[in-house]
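Chemist: this one's structure only:
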RNA sequence: GUGGCCGUAGCUCAGUCCGGUUAGAGCACCGCGUUGUGGUCGCGGAUGUCGCGGGUUCGAAUCCCGUCGGUCACCCCA
């Protein structure tokens, strides 16, 4: 690390190199395929938006308040932009802009950006996959969304992820609950931590989410939303639970589960990885955000969705020894004993035909080329030397057994296909 | 923004407490053992301004100060 002038990836970012990058690629592909099967189409929205798009999401949230990467544009007036810290706001902005027919069901994948101090499972640039479903108010849609998230985690082989479920009530029941909560917390505010006392001013609900030990007592006695639901919200929540029960999807009611974004109401949920012993064990979360589209200038439109953190999910896969990702090995390794030019058309032919091939360079010795062939993981080697050239053949060798035989050059591809089946 | 721990070869680390000739190991890499046959094995090889700067000392990877970076935690969240 004689890193005198060596550049490094910026703090909180990292390079994904093979084979780890292939693993992430496979996870993203798997998610896209799954979402498609539930009727979701992909939305590709900009990496940055007008700063105000995110500010509408909630001024009192950490994400908006202090974790945004803001961009300064040159000579374009007053435009203030920010790298997206999450995608729900972008999706709702896109909905308000294009007014697609509902139900509008989209999935997304890509990097998000938050300016925070990095630590285990927390990066300044991190990758999320997610879905958003806009239009229907139907609790069956909540169930579908949650199910899709659960199935994705299942498909990776994760078994130790708990689904935490809660409801934050609806506009009919929230004011009364908020008043009760605020009154309770205010009465006992001196018992709260300094930070929670501040939080109480901006968003009393989030005080319930404090993990500080000194707050535990107060929080445990606080009134709960589930006890103050409107009839409608209670019914919605019951329907969501019944739907999950019907599918056999397990969950844990978590009455103090509060999500980090202010726009959530009614159903909220979180996927917690029990296998991660780091401080960040939430691998995903979501809920309903029925007022958000309207806040962004669109028609009143209910919405529900989730975002999953791919980086953390892969950490959980490590912890559970799940989801290795695809093998890196090529099918064929071409060993050229002439001057290296004979391998060129062979590789081209093999790759064009849909098989994977690799070779050595710089006129390495035969021994070195065989070593490279071993390392490539190829099952078969094709050897071309002066003898083969003179005879119009290529030698096909099974690298596991050592068996080899010459084949007429024109028959090489079919011989390889046969070897590899 | 606050705090703990850590920076020695490409990687993982020993050496640092009790300063002392050319700074080590394993893995990985390259070559040879076989001028048409690899994986194993054997032999050999290359690679470090010991994060950076300053200080103490006859002498600093080692002690002191500063600084940068990494990491973990708080906070918050994916």
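Modeler: Happy to help now that I have it. What you see is a predicted model; the values in this text were computed from it and never measured. Residues are numbered from 1 along each chain as shown, chains lettered A, B, ... in the order given.

Chemist: Would you point out which residue of the stretch 151-300 of chain A is nearest RNA strand B?
Modeler: Residue nearest to RNA strand B within the stretch 151-300 of chain A: residue A:260 (2.0 Å; C-beta to the nearest atom of the strand). All C-beta spots, glycine's among them, are computed from the backbone N, C-alpha and C.

Chemist: per-residue pLDDT, that residue?
Modeler: Note for residue A:260: predicted pLDDT of 70.

Chemist: That one: what secondary structure?
Modeler: Residue A:260 carries the three-state label coil when classified by DSSP: H, G, I helix; E, B strand; the rest coil.

Chemist: wait, what's in contact with residue A:279?
Modeler: With contact set as C-beta atoms under 8 Å, 6 or more residues apart in numbering, residue A:279 has these partners: A:119-121.

Chemist: Do you have the strands of the stretch 151-300 of chain A handy? List them.
Modeler: Listed in chain order, the strands of the stretch 151-300 of chain A (DSSP state E, counting those that start in this stretch) span A:161-167, A:252-253, A:265-273, A:282-288.

Chemist: Dump the ones you listed into JSON lines; add distance to RNA strand B as well.
Modeler: Below are those laid out as JSON lines (distance: least, C-beta to the nearest atom of the strand, whole Å):
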{"stretch": "strand A:161-167", "distance to RNA strand B": "11"}
{"stretch": "strand A:252-253", "distance to RNA strand B": "16"}
{"stretch": "strand A:265-273", "distance to RNA strand B": "7"}
{"stretch": "strand A:282-288", "distance to RNA strand B": "4"}
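
Chemist: In a markdown table: these, plus mean neighbour count and mean pLDDT.
Modeler: Putting the strands of the stretch 151-300 of chain A into a markdown table (neighbours: other C-beta atoms under 10 Å; pLDDT from 0 to 100) gives the following:
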| stretch | mean neighbour count | mean pLDDT |
| --- | --- | --- |
| strand A:161-167 | 22 | 95 |
| strand A:252-253 | 12 | 94 |
| strand A:265-273 | 25 | 93 |
| strand A:282-288 | 24 | 94 |
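
Chemist: out of the ones you listed, which comes closest to residue A:90?
Modeler: Among these, the nearest to residue A:90 by C-beta to C-beta is strand A:282-288 (14.8 Å).

Chemist: Which neighbouring elements make contact with the closest one?
Modeler: helix A:139-155, strand A:265-273, strand A:303-309, helix A:310-320 (3 or more C-beta pairs under 8 Å, 6 or more residues apart in numbering; DSSP states H and E).

Chemist: Now with 10 Å, please.
Modeler: strand A:125-134, helix A:139-155, strand A:161-167, strand A:265-273, strand A:303-309, helix A:310-320 (3 or more C-beta pairs under 10 Å, 6 or more residues apart in numbering; DSSP states H and E).

Chemist: Any chance of TSV for those, columns distance to residue A:421?
Modeler: TSV is the format used below for the helices and strands packed on strand A:282-288 (distance: least, C-beta to C-beta, whole Å):
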stretch	distance to residue A:421
strand A:125-134	35
helix A:139-155	27
strand A:161-167	38
strand A:265-273	40
strand A:303-309	37
helix A:310-320	31
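
Chemist: Could you report the pLDDT at residue A:223?
Modeler: Looking at residue A:223, its pLDDT reads 87.

Chemist: Check the one 4 residues further on too.
Modeler: If you check residue A:227, the pLDDT there is 87.
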